[in-house]
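Asks: Here is the input, now give the coordinates:
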Amino acid sequence: MKAFVYLCVLWAMIAGSVFAGDNGSGLTPDKALSMLSQGNDRFVTGAVQRPHQDFLTRQETAAKGQKPFAGVLSCADSRGPVEILFDTGVGDIFTVRVAGNVAGVNETASMEYAADHLHIPVLVVLGHSHCGAVTAAVEGGEAPGSIPFLLKNIVPAVETAKKEKAKAEKPKLVDEAIRVNVWNNVEALLKSPIISQKVKDKNLSVIGAYYHLDTGKVEWLGPHAHQDKILAAVGSNNGAESQSKN
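Replies: Residues are numbered from 1 along each chain as shown. Next comes the predicted model:
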């Protein structure tokens, strides 16, 4: 009898209105950002709910697909587990993680998929304190294997930081480079014709954020200061070409 009741509940949740329709999560950018902020507040204060980590959620997402309400491009650092620090669960966040949270071709393509196919209303580029990748780029020197190709994407942020904080000691210089690197990669995403059109239509927000490893707090940096200028420079013809390649 218990098994029968359980199956009935499972079917009701799968067949019901648990998932939004073709508009993904159905949330506005502001609402999605608010949910991320509230989740991080719970994480910081220890009042975590650990939602959507149960058997039913796994069955629902397997049967009906994913409807994440946010996309996060973050560093691969093990100290910044995205779903945990935002107190979310299975199917909630479309996460792309790479050392230095750089928006290279593959990362940008993944975020384009999130925006265009999954209709995610907010994309966050999340940097963090004491980032090893940015620190390595600040220190310079030789690096083995394919690491130099990754660090090359961070060097522009380091050069900007050195100009703005010319007399800063290394910790402050690294911190500034981390923040500049966030903005550089927010800009890289905004230059995607797919993402830029979503932002222009006000169906998507792309923002920067900074995760403090010691406190667990996410500092919301907001949209790029020159967002309108960046969006204006993205041509519609390039957008059509990009769409045809995806």
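Asks: Tell me how confident the model is about the longest helix that the chain contains, as a mean pLDDT.
Replies: For the chain, the helix reaching the highest residue count under DSSP state H is reported as helix 170-190. Mean pLDDT, helix 170-190: 97.
Asks: repeat for stretch 132-152
Replies: Across stretch 132-152, pLDDT averages out at 95.
Asks: Please apply the same query to stretch 32-47.
Replies: Per-residue scores along stretch 32-47 average to 98.
Asks: for stretch 99-110, same thing?
Replies: Confidence over stretch 99-110 (mean pLDDT, whole number) is 98.
Asks: which parts of that stretch are buried?
Replies: For stretch 99-110, the neighbour count (16 or more other Cβ atoms under 10 Å) marks 99, 100, 101, 102, 103, 104, 107, 108, 109, 110 as buried. No exception for glycine: its C-beta is placed from N, CA and C like everyone else's.
Asks: Go through those and name the one nearest residue 179.
Replies: Comparing those against residue 179 with Cβ to Cβ places residue 101 closest, at 11.6 Å.
Asks: Which residue comes closest to the closest one once chain neighbours are left out?
Replies: Taking Cβ to Cβ, 6 or more residues apart in numbering, and ignoring the residues beside it in sequence, residue 101 has residue 75 as its nearest neighbour in space, at 4.6 Å.
Asks: What is the neighbour count of the one you found?
Replies: Look at residue 75: counted by other Cβ atoms under 10 Å, it has 24 neighbours.
Asks: Please shift the residue numbers so they start at 40 in all later answers.
Replies: Sounds good: first residue 40 from here, last item residue 114.
Asks: Distance check, it against residue 153.
Replies: Counting by Cβ to Cβ, to the nearest Å, the gap between residue 114 and residue 153 amounts to 18 Å.
Asks: circling back: next up, the contacts around the residue nearest to residue 140.
Replies: 136, 137, 138, 139, 140, 165, 166, 167, 170, 172 (Cβ atoms under 8 Å, 6 or more residues apart in numbering).
Asks: Isn't the fourth one up against residue 170?
Replies: Yes - using Cβ atoms under 8 Å, residue 139 is in contact with residue 170, at 6.7 Å.
Asks: So for the two, which residues contact both of them?
Replies: Both residue 139 and residue 170 are contacted by 114, 220, under the criterion Cβ under 8 Å, 6+ apart.
Asks: quick one, what contacts the residue nearest in space to the middle of the chain?
Replies: With distances taken as Cα atoms, centre = their mean, the residue of the chain nearest its centroid is residue 111 (1.3 Å). When contacts are counted by Cβ under 8 Å, 6+ apart, residue 111 touches 121, 125, 132, 133, 134, 135, 162, 163, 165.
Asks: can you check residue 264 too?
Replies: Residue 264 neighbours (Cβ under 8 Å, 6+ apart): residue 222.
Asks: That one in helix, strand or coil?
Replies: When classified by DSSP: H, G, I helix; E, B strand; the rest coil, residue 264 comes out as coil.
Asks: And the helices in this structure?
Replies: Using DSSP H, helices in the chain cover 41-54, 68-84, 94-103, 121-124, 144-155, 171-178, 186-190, 194-203, 209-229, 232-239, 266-271, 275-284.
Asks: So what's the gap between the second one and the chain middle?
Replies: Same thing as helix 68-84. Relative to its parent chain, helix 68-84 has a centroid offset of 13 Å by Cα atoms, centre = their mean, to the nearest Å.
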